[in-house]
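sequence and predicted structure below; questions after.
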Amino acid sequence: MYNWLNDLPKAELHLHLEGSLEPDLMFELAQRNNIQLPWNSVDEVRSAYNFNNLQEFLDIYYQGANVLQTEQDFYDLTMAYLKKCEEQNVLHVEPFFDPQTHTDRGIPFEVPMRGISEALADARDLMGISSGLILCFLRHLSEEQAFATLEQAMPFRDQFFAVGLDSSEMGHPPVKFANVFAKARSEGLLAVAHAGEEGPPEYVWQALDVLKVDRIDHGVRAWEDQKLVQRLIDEQIALTVCPLSNTKLKVYEHMSEHPILQMLEQGLLVTVNSDDPSYFGGYVTENYMALHEHLGMTKEQAEQLAANSFKARLA
Ligand SMILES: Nc1ncnc2[nH]cnc12
Ligand SMILES: [Zn+2]
């Protein structure tokens, strides 16, 4: 089944480039840039990847991102992910990056922008992988800071097609970013937002009604609200679901509790994605494989999920 799933043509719509930083590359970049990491070995890093919730993961994820310093570092990070895509027959990607994670520690905005864009262009030319980049605002920071980020990004307007919203969800509802999303949309950008990962269904309603998003990232907690489920079905708004992430961050204690196949059967436009593959134990194929192993996903369901991933693309 693994090989069959791996060969299935797929698109990935929920992937944080900073979350694809494998421990090996983390150590290589730490050495290249003379940066002290709080871990002494690859094994030590891996054993730190035991999370009880989203915040525990984010604390480590932001520490890992400190090794990313130069345009070449961002190119290498992005290209390593794209090589994985090539291995797993992922033909289209819409990755996120978090500019504030880098600009707030003194890295000029153009450094990640240029390194990432160059890798995406090379993958398009050399591997035939199509893509569109999504610029995410960190929701634990202020809307004013998001506005400043959008302004810094505008000289690179042709290198990204949408804005997104990520980081700590609880206590940072979508409505906090109403104005900056309106501004982004007025510039012709599309919009997505993480909502209903740990946060309540209300945050999904807000992402739809206030931010006017074109797609919801995660959205699994929408399943608790049948009226919301019906709205998502009626409008065929896609959910970029990340099964291994949800179990690693204890949204569900075990994969056997994950509702993704029930959501699919009810008519929701759900897709399968890896979120932060180096931290959560697998890329796209491993996420599909987990659904087969723990939920009994059939080949027909896998084909439907893969078809959804192309139907839900925005770029
Ligand atoms: N799963 C996730 N949720 C929110 N913010 C993130 N940043 C990286 N991964 C994330
Ligand atoms: Zn995410």
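Happy to help now that I have it. Ligands and ions are numbered 1, 2, ... in the order given.

residue in the stretch 51-200 of the chain with the shortest distance to ligand 1?
residue 166 (3.6 Å; Cβ to the nearest ligand atom). Using the backbone N, CA and C atoms, a C-beta is placed for each residue, glycine as well.

measure that residue to residue 215 for me?
Distance from residue 166 to residue 215, counting by Cβ to Cβ, to the nearest Å: 13 Å.

likewise for residue 152?
For residue 152, the distance to residue 215 - Cβ to Cβ - is 24 Å.

so between these two, which is more surrounded?
residue 215 (25 against 17; other Cβ atoms under 10 Å).

residue contacts, the more buried one?
Contact partners of residue 215, counting by Cβ atoms under 8 Å, 6 or more residues apart in numbering, are 13, 192, 237, 238, 239, 240, 312, 314.

now do 7 Å
192, 237, 238, 240, 312, 314 (Cβ atoms under 7 Å, 6 or more residues apart in numbering).

show me which residues of the stretch 201-315 of the chain sit near ligand 1.
By the rule Cβ under 6 Å from any ligand atom, the part of the stretch 201-315 of the chain lying against ligand 1 is 245, 275, 276.

could you redo the last one with a cut-off of 5 Å?
Proximity of the stretch 201-315 of the chain to ligand 1, by Cβ under 5 Å from any ligand atom, involves residues 275, 276.

now do the helices in the stretch 201-315 of the chain.
201-209, 226-234, 243-248, 260-266, 277-280, 284-295, 299-311 (DSSP state H, counting those that start in this stretch).

just the mean pLDDT for the fifth one, thanks.
pLDDT averaged over helix 277-280 equals 97, rounded to a whole number.

list the helices and strands that helix packs on?
Packing partners of helix 277-280 (3 or more Cβ pairs under 7 Å, 6 or more residues apart in numbering; DSSP states H and E): helix 243-248.

circling back to that earlier point, who's in contact with the residue of the stretch 51-200 of the chain closest to ligand 1?
96, 98, 136, 138, 139, 194.

buried subset of the residues you listed as a PyMOL selection?
Here is the PyMOL selection string for the buried members of the contacts of residue 166, based on 16 or more other Cβ atoms under 10 Å:
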select buried, resi 96+98+136+138+139+194
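
farthest pair in the contacts of residue 166?
Comparing all pairs in the contacts of residue 166 by Cβ to Cβ, the longest separation belongs to 96 and 139, at 12.7 Å.
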